[in-house]
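Colleague: return a 3D structure for these sequence lines:
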Amino acid sequence: MARTTVYNSIVTEENLEKVNPKNKELLNEFIEFCESTDKSKLTIINYKSDIQICFIWSLLYNKNKFFVDFSKRDIMKYQNYLLHTLNLGSARIRRLRSSISSMANFIENMMDDLYEDYRNIVNKIPAPAKNVAREKTVLEDKQIENLLDYLVKNKQYQKACVLALAWGSGRRKSELLRFKVSYFTEENIVFGALYKTPEKLKTKGHGSQGKLLTCYTLVNKFKKYFDLWMDYRKENLDVDKSLNDTLFVIKRKGQWESVKISTLDSWASQFSKQLNVDFYFHSLRHNFCTGLLEANIPASVIKDIIGWESIDMVSIYDDTEIDDQLGKYFDENGIKQTDVKTLSDL
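Modeller: Predicted coordinates:
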């Protein structure tokens with residue numbers, strides 16, 4: 001199965017109806033504030049769902065107390081509930097804490113005319129220690145190549161194309177759907193090795209527009225599967241002309257439309273079964289970064305290719321085992337002379 005997040009949510013329509021009206025009004029004001037400051041739609045959705053969990057906990061276990069009146073003990077009890085009753089991982093709890101802390105900052109800074117003495121106390125309670133709730137999937141290139149061979153053999157060219165794009169670009173799942181057919185032309189190949197998007201793509205970042213980046217894709221890993229998909233699509237599918245530049249398309253109820261994230265999630269489940277490991281698209285972001293490092297591409301160059309602001313991110317996405325790293329540089333004769341690959345070799 002593809003990796004999914006377990007929320008164990010207590011949010012129901014019945015419970016929401018019973019939430020303290022003052023908490024409902026507070027949440028509405030906070031969401032309005034987020035919209036006015038151009039927070040992304042996904043961020044706002046996450047804030048709303050996270051805060052609703054807190055308010056329903058208060059309904060069920062804290063006498064439906066108004067959030068402004070929460071004490072540090074209330075925050076402690078809420079965190080204890082998330083940790084030991086809902087059995088959430090530390091990363092999920094930290095996000096839930098962050099959401100109510102953001103709302104608390106809003107109250108302190110924007111509603112001081114109503115709550116003059118209010119102070120954000122959420123961070124007064126230490127967060128739970130970080131732990132790895134799920135084992136990370138580390139994919140080797142050979143595994144991806146075998147899966148691509150299987151998809152091509154079974155004429156599942158579109159799935160092979162999206163898999164190869166993730167493999168060759170390291171982009172996030174949602175970003176894969178923003179690539180266009182017209183990006184992948186000879187004119188857009190730079191240094192003989194990389195497709196360079198002729199326009200900047202929306203990627204993860206602050207604000208509704210996200211972070212706009214020029215994105216790169218390794219030609220050697222992607223072109224074969226792009227060509228197969230384009231040839232099959234042209235010869236066999238009657239895709240609407242309005243979607244000619246949309247790279248990934250699907251037909252629903254007789255109408256062509258662009259592929260949604262839910263479809264990628266479904267394909268990820270299939271890939272998991274084929275690979276016999278827990279597949280998720282973000283694992284290919286790790287694979288992409290690791291492959292560049294193994295080719296001795298400098299970390300500063302990797303940072304620029306992926307679009308990170310800090311070089312520290314490179315080490316976070318490096319899946320190379322320490323023994324493999326040392327083996328590149330040392331043998332029975334001492335220090336080895338290492339070969340440096342170019343991007344066109346990858």
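Colleague: please make it C-alpha for all contacts and neighbour counts, starting now.
Modeller: Fine.
Colleague: please identify the helix or strand for Ser266.
Modeller: Element membership for Ser266, per DSSP states H and E: helix 261-275.
Colleague: need the CA coordinates for that helix. PDB is fine.
Modeller: Listed next in PDB are the C-alpha coordinates belonging to helix 261-275 (Å, rounded to 0.1, in the frame of the first residue of the first chain):
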ATOM      1  CA  ILE A 261      -3.400  14.000  -6.900                       C
ATOM      2  CA  SER A 262      -6.000  11.400  -5.900                       C
ATOM      3  CA  THR A 263      -5.100   9.500  -9.200                       C
ATOM      4  CA  LEU A 264      -1.400   9.700  -8.400                       C
ATOM      5  CA  ASP A 265      -2.100   8.300  -4.900                       C
ATOM      6  CA  SER A 266      -4.000   5.400  -6.600                       C
ATOM      7  CA  TRP A 267      -1.000   4.800  -9.000                       C
ATOM      8  CA  ALA A 268       1.300   4.900  -6.000                       C
ATOM      9  CA  SER A 269      -0.600   2.000  -4.400                       C
ATOM     10  CA  GLN A 270      -0.100   0.000  -7.600                       C
ATOM     11  CA  PHE A 271       3.700   0.900  -7.600                       C
ATOM     12  CA  SER A 272       3.900  -0.300  -4.000                       C
ATOM     13  CA  LYS A 273       2.400  -3.700  -4.900                       C
ATOM     14  CA  GLN A 274       4.800  -4.000  -7.900                       C
ATOM     15  CA  LEU A 275       7.900  -3.000  -5.900                       C
END
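Colleague: residue ranges with poor pLDDT in the stretch 51-200 of the chain?
Modeller: In the predicted model, the stretch 51-200 of the chain carries pLDDT under 70 at residues 131-135.
Colleague: what's the most centrally placed residue in the chain in contact with, if anything?
Modeller: Centrality entry for the chain: nearest residue to the mean C-alpha point is Arg172, 5.5 Å, by Cα atoms, centre = their mean. Counting by Cα atoms under 8 Å, 6 or more residues apart in numbering, Arg172 touches Ala166, Phe281, His282, Arg285.
Colleague: ok, these vs Asn28, which is closest?
Modeller: Asn28 has its nearest neighbour among the contacts of Arg172 in His282, at 33.0 Å by Cα to Cα.
Colleague: just the helices in the chain please.
Modeller: With DSSP state H, the ranges of helices along the chain come out as 13-18, 21-36, 41-61, 72-84, 90-110, 141-153, 157-169, 173-176, 219-236, 261-275, 282-294, 299-306, 312-316, 322-327.
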